[in-house]
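**Student:** Dropping a prediction and its sequence here:
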Amino acid sequence: MASRVDALYIFLLIVTGMMTLLIFVCLVYFAARFRYRPGIPAEQIEGSTALEITWSTIPFLIFMVIFAWGAVVYFKERTPPADSTEVYVVAKQWMWKLEHAEGQREMNELHVPVGRDVKMIMTSQDVIHSFFVPAFRIKQDVVPGRYTVAWFRATKPGVYHLFCAEYCGTQHSGMVGSIVVQEPAQYEAWMNGGSTGPLSATGEKVFSELGCATCHRNDAQGRGPSLQGVFGKPVQLDDGRTVTADENYLRECILDPGAKRVKGFQPIMPTFQGLVSEEQVNALVAYIKSISAAKPGEAGKASASTAAPKAEQNGSKVQ
Amino acid sequence: MPDSSATGLHAEAHDPALLHHFAEPQQQRDAASLGMWVFLATEVMFFGGLFLAYLVYRLKYFGDFGAASKTLDVRLGATNTAVLICSSLTVVLAVWAAQTARRTLLIGSLGLTMILGLVFLGIKGVEYNDKFVEHHVPGASFSFEKVPIPGHPRQYSDPRHAQLFFSLYFVMTGLHALHMIIGLGIFLWLLTMAWKGRFTPEWHTPVEIGGLYWHFVDIIWIYLFPLLYLIDRHP
Amino acid sequence: MPTPMPQPDGRENYLNKHYGVWSWLLTTDHKRIALLYLISITFFFFIGGFFALLIRLELLTPAGDLVQADTYNKLFSMHGIVMIFFFLVPSIPAVLGNFLVPLMIGAKDLAFPRINLLSWYLYIIGGALMVHCMLTGGVDTGWTFYAPFSTNFSNTKVVEAGIAVFIAGFSSILTGLNFVVTIHRMRAPGMTWSRLPLFIWAHYATSIIQLLGTPVLAITLTLVAAERALHLGIFDPKLGGDPILFQHLFWFYSHPAVYIMILPAMGVVTEIIACFSRKRIFGYSFVAFSSIAIAVFGFLVWAHHMFVAGTSVYAALVFSLLSYAVAVPSAIKVFNWTATLYKGSIHYDAPMLYAFGFLGLFTIGGLTGLFLAALGIDVHVTDTYFVVAHFHYIMVGGAVMGYLGGMHFWWPKISGKLYPEGWARLAALIVFIGFNLTFFPQFLLGYLGMPRRYYDYSHMPEFQVLNVLSTAGATVLGVGYLLPMIYFLWSMRYGKPASDNPWNAAGLEWQTASPPTTFNFEQEPVVTWEAYNYDELDAPHNDAPHSEEVPVAR
């Protein structure tokens, strides 16, 4: 991914370099050649519509090429691959809290295996931050009140800077960390060095502790809709809209249940705003994803039980 | 551009109301008029930001905003709308009176406009008081429990979103009321000038541009009223 | 080249017509108001510059060892607020625009002289409030005031700073209003739109932006203040609000604001290039309409500041496309200015040196905008020093160079004195060198990944070399700015008296005395010639009587 960005950058350097050179050469040449000489007046030239059109159209076409190339790169940057490993990130003044789907918690550091697609599902506890890894050429603002998503695939082992790139107060410059990219074997070793179990298992605990199961039963008797297999699927709302149950939707249901009410159910779900932490919300989301259409044969990638991949991830345009 | 015949300063006698940097009275009038229209354009942009914020949240929290909006008294709002429209009529009368040298009518119309403006503010005050009593003023004492969403009697609105509605309600109507108060100040000044007989058919620019300002304040209300009171209002 | 006959001392002009503090503080003469603004904005330029110096000193070393984190955050916030709202936005319009617009169109004053004075007082009140804010704790939200930090988390004087900016914004709205009405209604007979100097076109476009954009900033700051003071929750996610809405509202003004800051400088540069090449601007109508195009398109691209903010991919695509569209009119201007030099007769006086500097630096700054508009690149470089370098190239390399060039060009008209040419050329060179040394390394820092608004980069000590270069450049730049202050002041007392038209330049302002009388023209001009009539001005003198209506160099 980084090389794609660099390729565009070099292209831009060449194009703008040439434009600069062209203009500078003209400026210097004209400045010297048409220096004031006594007795030689300036020649009054009105203009030239042909020239104007030429030097408007050609740059515009070049700009369109740059735009298109930039758009393509951006599209890839904003579209995580379907089977990415997920990491939940909670930013707060002035630290990064990360939690792997497998359950490992990290502070200001993120261990990932080389070659793996990693998707970060991020939110902030307080103000707007921004997750910036210059080496990977990625950056994404982390906003309170919603999830935003970024992804990368590290291609070389090493330790890379992680910066907060949106001013967030006193220790903004201190909100620095690292991405530790390891060979798969090393990563395994690190992972097995103690974890609290997969995030989804934590989520299952939270789910029962908070009494969610009382209403969200798996049979049709519950006062709330069954959550089995709900992730990634369309949901019919009582105002006629249909939305896709992505991470933001699940989060909104927990914290702001009145915003989108599911058709056919009483509007009695209480809000859990203030009663759950961001980490608990992340765990619940991971749990609900795990009880949705788990694909058989997901073994192969090394991990105990990753959060199950979703059938349709395309709804995940996290706005 | 009119061909100027005035050469130098005070070369000829001129209208005492003509300011020195203008070539002739028509130019001065045109400049004042254009100036007020341009100023009103900036006011449109000023209120526009608020309208945008309101529309964004109205779409996002349609039901909750509907529930909150329903607690506004539409009769008082409609009365206020009628009051302002009448006041625009009195403003038009005032301008005509100035144009046709009808001093009594001018003073009367200006005064009546001010009275109608005060009536508007009075009714607004009553509405604000109602909101205060019902604990709908955003802040520590805000309360909006168990209020059903219009059209969905078994669903309750979210108090936080209702509070958002009232925040916008108070900022929008408050800003409008502030402009009304400024307008009343302007009209008091116009009334004083009219009383002293300063306006003539040849020069009554302040009445015209003051009138433009008042019409603008009226039009803002004509947008505010349906947006705040009437959308999604079920019987 | 200069005209003979410097004016004899003692002739009555706008400077000596009345004496006394009150004759200045209650003046309605647009020229005196321009000077009042000149003094005030210079004051704020020094304050903003002082903050910049402290910032650059802190960044000499990776550790945060000069000031505390909170102090640094206040420094960059107030540097931005002061420089943008109290220096750049007023600079050319309120000083050169106020002085020259009536002169250039043949009017005695602006349409609303008392509103002009009011706008200066509003600026002073806003400025005083800002100074008070700075002295009693300052503000640390960045000039961008992002919510929810500004509304719910900052412990500094956000509301006070917001009010100060609001009031200064109102001042700028009134200036814009005055210009629009003046240009529409007070042109001298014969001064058609197509005969207007391009400086006027530029200020007209600027005024449109000021009028339509600034009120949106005003309401945004009002909402921030209301939220902060009354906890209204409009931008607070915990109450259902949306912090991204703040960004949309804020940038809807703040992007057009950058065009408020550059268009007047473009107008200045156009006048200078025409004069010192002794020819009409190449492509007059294209340059005129490109100003309007920039003003219009400038309102359509605000969310290119938000490509990583969490907006949708499709919104980003639209704004990126439009951002490339807005680049085209600026490119047209650069090509037209360059083409004007072709077959000109170029003189290298100080104003022209500043214009050349502008051309080079604005080209670089503008082209780096292409990088930022490219979505794929912007993700990497936004919120880094790349952006900082980009906008300083345009604001300082562009707008400030234009401002200084204009000050030199019109100084004889404003003061009736000539500045020392040798020192002026030296200062221009120092500014150019100092500027590039300060800001070019920042492009590299940005691409290498140094984020903005960091006072401590001890995790990336490899960035120190570039930072040191940048700070060195800043000191040179500072010297370059001090020089004109000194010699302009010196020239008011000891400078050679200037003739009415020392540059033999086209334009009605040069057809009147240096300095002008209070009412500008002894006789209302009647314009029968096209703009930039340098062929007539440079025509060899002969003894045949001239038609009264054709002005010739005296």
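**Tutor:** Received the coordinates, thanks.

**Student:** switch to C-alpha atoms for all contacts and neighbour counts from now on
**Tutor:** Noted.

**Student:** what stretches of chain A score poorly on pLDDT?
**Tutor:** Applying pLDDT under 70 to chain A flags residues A:194-196, A:293-319.

**Student:** what about the residue of it at minimum distance from chain B, is that helix, strand or coil?
**Tutor:** Closest approach between chain A and chain B, counting by CA to the nearest CA: A:Pro267, at 5.5 Å. Put simply, A:Pro267 is coil when judged by DSSP: H, G, I helix; E, B strand; the rest coil.

**Student:** Please report how far it lies from A:Asp256.
**Tutor:** Distance, A:Pro267 to A:Asp256, by CA to CA, to the nearest Å: 12 Å.

**Student:** Likewise for C:Met352?
**Tutor:** Taken as CA to CA, the span from C:Met352 to A:Asp256 is 62 Å.

**Student:** More neighbours: these two, which one.
**Tutor:** Neighbour count, other CA atoms under 10 Å in any protein chain shown: between C:Met352 and A:Asp256, C:Met352 has more, with 26 against 23.

**Student:** Check which helices and strands the helix or strand containing that one is in contact with.
**Tutor:** According to DSSP states H and E, C:Met352 maps onto helix C:350-373. Judged by 3 or more CA pairs under 8 Å, 6 or more residues apart in numbering or on different chains; DSSP states H and E, helix C:350-373 is in contact with helix A:2-33, helix C:243-277, helix C:313-341, helix C:375-381, helix C:385-392, helix C:401-415, helix C:421-448.

**Student:** helix or strand right after the helix or strand that contains C:Leu177?
**Tutor:** Under the criterion of DSSP H and E, C:Leu177 resides in helix C:158-185. Per DSSP H and E, helix C:158-185 leads on to helix C:198-230 as the next helix or strand towards the C-terminus.

**Student:** The residue of the stretch 151-300 of chain A at minimum distance from chain C and A:Trp94: what is the separation?
**Tutor:** Nearest residue of the stretch 151-300 of chain A to chain C (CA to the nearest CA) works out as A:Ser173 at 4.7 Å. Distance of A:Ser173 to A:Trp94, computed by CA to CA: 9 Å.

**Student:** Which one's more surrounded, those two?
**Tutor:** Using other CA under 10 Å as the criterion, A:Ser173 and A:Trp94 rank with A:Ser173 on top: 25 against 19.

**Student:** Look up phi and psi at the residue lying closest to the more buried one once chain neighbours are set aside.
**Tutor:** Sequence neighbours aside, C:Tyr454 is the residue nearest to A:Ser173 in space, at 4.7 Å (criterion: CA to CA, 6 or more residues apart in numbering or on different chains). Here is the backbone geometry of C:Tyr454 (degrees, to the nearest 10): phi -100, psi 130.

**Student:** Tell me the confidence at C:Tyr454?
**Tutor:** You'll see C:Tyr454 listed with a pLDDT of 95.

**Student:** Touching, it and A:His172? I think so.
**Tutor:** Yes. Using CA atoms under 8 Å, C:Tyr454 is in contact with A:His172, at 6.9 Å.

**Student:** what residues go with each domain of chain A?
**Tutor:** A:1-28+A:49-73, A:85-192, A:199-290 (automatic domain parsing).

**Student:** what's the most buried one of those domains?
**Tutor:** domain A:85-192 (a mean of 22; mean count of other CA atoms under 10 Å in any protein chain shown).

**Student:** that older thread, quick one: the helix holding C:Leu177 to chain centroid distance?
**Tutor:** Put simply, helix C:158-185 sits 15 Å off its chain's centre (CA atoms, centre = their mean, to the nearest Å).

**Student:** same thing with stretch C:44-53?
**Tutor:** 16 Å.

**Student:** can you check stretch A:171-187 too?
**Tutor:** For stretch A:171-187, the distance from its own C-alpha centre to the chain's C-alpha centre is 17 Å (CA atoms, centre = their mean).

**Student:** Residues contacting that stretch, please?
**Tutor:** With CA atoms under 8 Å, 6 or more residues apart in numbering or on different chains as the test, stretch A:171-187 has contacts from A:93-96, A:108-114, A:154, A:156-164, A:166, C:69, C:453-457, C:459.

**Student:** Return the subset of those lying in helices.
**Tutor:** C:Ala69 (DSSP state H).

**Student:** hmm, back to that, is any residue of the helix holding C:Leu177 near chain A?
**Tutor:** No. Figure legend: helix C:158-185 not in contact with chain A (CA under 8 Å from any CA of the partner chain); closest approach 13.2 Å.

**Student:** Would that helix count as contacting chain B?
**Tutor:** Yes. Residues of helix C:158-185 contacting chain B under CA under 8 Å from any CA: C:Leu177, C:Asn178, C:Val181, C:Thr182, C:Arg185.

**Student:** what number of residues lie near the last one?
**Tutor:** The local packing of C:Arg185 (other CA under 10 Å) involves 20 other residues.

**Student:** check contacts around it.
**Tutor:** Counting by CA under 8 Å, 6+ apart, C:Arg185 touches B:Met1, B:Gln27, B:Asp30, B:Ala31, C:Ala111.

**Student:** do the same with the third one
**Tutor:** Shown in contact with C:Val181 (CA under 8 Å, 6+ apart): B:Ala31, B:Leu34, B:Gly35, C:Ala111.

**Student:** Next, give me the two most distant ones among those residues.
**Tutor:** B:Leu34 and C:Ala111 (10.3 Å; CA to CA).

**Student:** For these two, indicate the residue with more neighbours.
**Tutor:** It is C:Ala111, of B:Leu34 and C:Ala111, that has more neighbours when counted by other CA under 10 Å, with 28 against 19.

**Student:** any idea which strand is longest in chain B?
**Tutor:** Longest strand of chain B, by residue count under DSSP state E: strand B:152-156.

**Student:** Is any residue of that one near chain C?
**Tutor:** No. Using CA under 8 Å from any CA, strand B:152-156 stays clear of chain C, with a minimum separation of 15.9 Å.

**Student:** I'd like the mean pLDDT over the following helix or strand past that strand, please.
**Tutor:** The helix or strand immediately downstream of strand B:152-156 is helix B:159-195, counting by DSSP H and E. Helix B:159-195 comes out with an average pLDDT of 95.

**Student:** circling back: go through the helices and strands packed on helix C:350-373 and name the closest to chain B.
**Tutor:** With distances scored as CA to the nearest CA, the stretch of those nearest to chain B is helix C:243-277 (7.0 Å).

**Student:** List the contacts of C:Phe250.
**Tutor:** C:Thr144, C:Val216, C:Leu217, C:Thr220.

**Student:** closest to chain B among those?
**Tutor:** Distances from chain B to those, taken by CA to the nearest CA, are shortest for C:Val216, at 5.4 Å.

**Student:** Tell me if I'm right that the closest one and C:Trp251 touch.
**Tutor:** No. Using CA under 8 Å, C:Val216 is not in contact with C:Trp251; the gap is 9.3 Å.

**Student:** Those two: which is more packed in?
**Tutor:** Using other CA under 10 Å as the criterion, C:Val216 and C:Trp251 rank with C:Val216 on top: 26 against 23.
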